[in-house]
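[1] 3D model of this:
(chains A and B)
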Amino acid sequence: MIRVQNLRKVFRVHQKKPGLAASMKSLFRREWIDKVAVAGADFEVREGEIVGLIGANGAGKTTLVKMLSGIIHPSSGEATVLGHVPWQREDNFRRQIALIMGQKASMWWDLPGADCFDLLREIYQIPPKQYRESLERLTTMLGIQGELNIQIRRLSLGERMKMELVAALLHSPRVVYLDEPTIGLDITAQRAVRDFLLEYRRENAPAMLLTSHYMEDIERLCKRIIIIREGAIVYDGSLKRVMQEYAPYKNLQVHLRRGSEPDRQVLEKMGKISRCDPGNICLQVSREKVPEVAAEILRLFPVIDLSIGDPEISDTIERIMAGRSGDSE
Amino acid sequence: MRSGSFFLHMISLEARKLMIYRVDFWVTMVVNMVAHLVVLWAIWNAIFAESNQQLIGGWDLQGILAYGVMVFLTGRIVRGGDLQMTIATEIYDGTLSRFLVYPRNYVFTKYAQQLGNVAPDLVQSLLMAMVAIPALGLSTTAFISPASLAMAVPSIMVAHLLFFLMSLPPQFVAFWADNVWSLSVLLRFVSMLLGGALLPLSLFPEPLQQLLSWLPFVYLYQFPTLVLLGKVGVIEWAMGIGSCLIWCVIVGWLAVPFWKRGNLQYTGVGI
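    Okay, here's the model as predicted:
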């Protein structure tokens, strides 16, 4: 459904030094720099798949989404979405996609949702019967039937986001781009949006590309993730595999009998010490050494409790985004 | 057919949006009309009293006051709610992005929006005309008849289209320059001055009048107003409408490369 090959986007950015003199100078002569936003992306997204696009601020996620939705033109490379080149903006392509921007309202601020949806029916040429059914189904799923006649600007942030979701999905798009759909929402609203997206995917099987800074969105919605760092894709694979590949260690938490003082020198030979207090040890140990180290700890120390667990996914992804190795050293 | 339905829907939506704010609707109307009428009446009374003449540039006092009022009212409709910065603003703040993902022509959508914005101006202009015309008194040089009114409607409509199309290239400059407020203000001032919105062009020097007759500005303000005041014959009117439409094609054609090149520059800031 989405096929991207060596897609690049370079922005030419005006650089202005601080101060009045620099402002005066910039009236006559400007300095420009090239900023690589996306540096040769390659990937595919299939029907029914939700792919999480993860990266720090400015990594190039949104630029990628903007190119794939046809808003901006790439500097080079190729992409097809449903067989169309997005930035050629053919009507047949635009009728089959939706873009939900968590940080930018797309509804008419001064009008109630019902009026906005009615206009969208005209924009997407949705047959009346399909429109009525779609609207009924989506508003019921999100529980906003009672808010349809209230001006958008008078709704809460969560309700507005729900309206945005209805507006974006009324025409049953086959490809959905979600740019931080839960940003700024409270926990209940975030959960409602996630549940809705999962249900929508189950019923309609669109291809979805999701960018979010909330790991819970990613963990809940995506089986596959793409991690972008400084415009380049550094990981494309399953969420499960990222742990094996980038976090090849486990955390060993050990509780010792009260007052027991563990020997640091012995522990340092077993793995990386995260914590070492009287009574508590936390070690990062290579996956293959875990059984051996656990046995050794049980033999050497007065252990009350020992637990073995994976590191947090968010920590691992954060390390990848920051360009740090995931090894336990 | 479907495009027509969308077009009408967009117009209706915009009109409804503006009518929501009733206080703004009535305050704008009353303040605008009172201020304009007082200034117009004071200036032209003083000029006629000072010159001791019955006619100036072919107009008597009531006629030129009627021109001043009508050019103000038709001008409000022609400018369509003064939306000429909307496109530039949408390029600047990235709101354009949401329209680019809709399967509709952006410029067509904006024109529908502009037409929708005319609705309150139209209602206000009609109400103002009903108050102002009896107050001005009868003129021997200008007279509104049912025929002139019927001829004025298409003249105003093509003038509205021309104004919209003329505002496109300066607004598309926002793709490169971000802030193009000055260009928009310049276009508004130049078009009003050279289009007869401030003074009838018959009061300008003859060579300038000749020059202005070759430019599109005259079709924005003076032409529809003179048609409304019964000062344009049928043949002259038909030729004026034709010329205005030719200018629409020329200006629209000039806007295309701005849009195409500008799109390559667009960065969609704000999302």
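[2] and A:Asp277, how far is that from A:Pro262?
    9 Å (C-beta to C-beta, to the nearest Å). C-betas here are computed from N, CA, C, even on glycine.
[3] And for A:Val234?
    37 Å.
[4] same check, this time on A:Arg174
    Distance, A:Arg174 to A:Pro262, by C-beta to C-beta: 58 Å.
[5] Equivalent analysis for B:Gln222, please.
    Taking C-beta to C-beta, one finds B:Gln222 at 94 Å from A:Pro262.
[6] Return whatever helix or strand A:Arg220 lives in as CSV; C-alpha atoms alone will do.
    Taking DSSP states H and E as the criterion, A:Arg220 maps to helix A:215-221. Below are the C-alpha coordinates for helix A:215-221, written out as CSV (Å, rounded to 0.1, in the frame of the first residue of the first chain):
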residue,chain,number,x,y,z
MET,A,215,5.4,4.8,24.2
GLU,A,216,2.0,3.6,25.3
ASP,A,217,0.5,4.5,21.9
ILE,A,218,3.3,2.6,20.2
GLU,A,219,3.1,-0.5,22.5
ARG,A,220,-0.6,-0.7,22.4
LEU,A,221,-1.1,-0.1,18.7
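[7] can you list the residues that contact it?
    A:50, A:52, A:54, A:181-182, A:190, A:194, A:197-198, A:208, A:210, A:212, A:225, A:239, A:313-314, A:317 (C-beta atoms under 8 Å, 6 or more residues apart in numbering or on different chains).
[8] Strands - which of those land there?
    Members of the contacts of helix A:215-221 lying in strands (criterion: DSSP state E): A:Ile50, A:Gly52, A:Ile54, A:Met208, A:Leu210, A:Ile225.
[9] Surely the third one and A:Arg229 touch.
    Same thing as A:Ile54. No: contact criterion C-beta atoms under 8 Å: A:Ile54 and A:Arg229 do not qualify, at 9.6 Å.
[10] Spell out which residues sit in contact with residue 112, please.
    Picking chain A for this. If you count contacts by C-beta under 8 Å, 6+ apart, then A:Pro112 has A:Leu148, A:Asn149, A:Ile150, A:Gln151, A:Ile152 around it.
[11] other chain: chain B
    Contact analysis of B:Ala112 by C-beta under 8 Å, 6+ apart lists B:Phe6, B:Phe7, B:Leu8, B:Met10, B:Ile11, B:Glu14.
[12] element containing the third one, please.
    Following DSSP H and E, one finds B:Leu8 within helix B:2-19.
[13] So is the following helix or strand past that helix next to chain A?
    Scanning forward in sequence from helix B:2-19 by DSSP H and E, the next helix or strand is helix B:22-51. No: using C-beta under 8 Å from any C-beta of the partner chain, helix B:22-51 stays clear of chain A, with a minimum separation of 11.5 Å.
[14] quick one: helix B:22-51 to helix B:2-19, angle?
    80 degrees (axes from the mean of the first three to the mean of the last three C-alpha atoms, to 10 degrees).
[15] how about the residues of chain B near chain A?
    Within chain B, the positions lying close to chain A (C-beta under 8 Å from any C-beta) are B:2, B:5-6, B:9-10, B:13, B:16-17, B:20, B:94-95, B:97-98, B:100-104, B:263-264, B:266-268, B:270-271.
[16] ok, now which ones touch the residue in the stretch 151-300 of chain A positioned nearest to chain B?
    Nearest residue of the stretch 151-300 of chain A to chain B (C-beta to the nearest C-beta) works out as A:Asp179 at 6.1 Å. Each residue near A:Asp179 by C-beta under 8 Å, 6+ apart is listed here: A:Lys61, A:Thr62, A:Val65, A:Leu99, A:Ile100, A:Met101, A:Gly102, A:Gln103, A:Thr211, B:Ile271.
[17] all helices of the chain, in order?
    No chain specified, so I'll use chain A. A:20-28, A:61-68, A:91-94, A:113-123, A:128-142, A:157-169, A:187-204, A:215-221, A:239-246, A:264-270, A:290-300, A:313-321 (DSSP state H).
[18] was after chain B, sorry
    With helices called from DSSP H, chain B shows them at B:2-19, B:22-51, B:61-78, B:86-93, B:96-100, B:106-136, B:146-166, B:168-172, B:174-177, B:181-194, B:206-212, B:222-228, B:234-265.
[19] hey, which of the ones you listed is tucked in deepest?
    helix B:222-228 (a mean of 28; mean count of other C-beta atoms under 10 Å in any protein chain shown).
[20] can you list contacts of that helix?
    B:67, B:70-71, B:74, B:78, B:144, B:148-149, B:151-152, B:155-156, B:159, B:195-197, B:200-201, B:232, B:237, B:240, B:244.
[21] Report the residue spans of the chain with pLDDT below the cut-off.
    I went with chain A, as the question did not name one. Counting by pLDDT under 70, chain A shows low-confidence ranges at A:323-329.
[22] nope, chain B
    Applying pLDDT under 70 to chain B flags the ranges B:1-2, B:19-23, B:25, B:81-84, B:137-140, B:270-271.
[23] Tell me the residues on the stretch 151-300 of chain A that lie near chain B, please.
    So the stretch 151-300 of chain A meets chain B at A:Gln151, A:Asp179 (C-beta under 8 Å from any C-beta).
[24] Format the contacts of B:Ala112 as JSON lines; extra columns: distance to B:Val190.
    Below are these laid out as JSON lines (distance: C-beta to C-beta, whole Å):
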{"residue": "B:Phe6", "distance to B:Val190": "34"}
{"residue": "B:Phe7", "distance to B:Val190": "30"}
{"residue": "B:Leu8", "distance to B:Val190": "33"}
{"residue": "B:Met10", "distance to B:Val190": "29"}
{"residue": "B:Ile11", "distance to B:Val190": "28"}
{"residue": "B:Glu14", "distance to B:Val190": "27"}
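[25] among these, which two are most distant?
    Largest separation among the contacts of B:Ala112 by C-beta to C-beta: B:Phe6 and B:Glu14, giving 12.6 Å.
[26] Which of the contacts of A:Asp179 are buried? Put it as a ChimeraX command.
    Buried residues among these (16 or more other C-beta atoms under 10 Å in any protein chain shown), as a ChimeraX selection:
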select /A:61,62,65,99,100,101,102,211 /B:271
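[27] Which residues lie in contact with B:Leu245 in this structure?
    With contact taken as C-beta under 8 Å, 6+ apart, B:Leu245 is in contact with B:Val158.
[28] With B:Ile77 as the reference, measure out to it.
    18 Å.
[29] Ok, B:Val249 next?
    From B:Val249 across to B:Ile77, the span is 22 Å (C-beta to C-beta).
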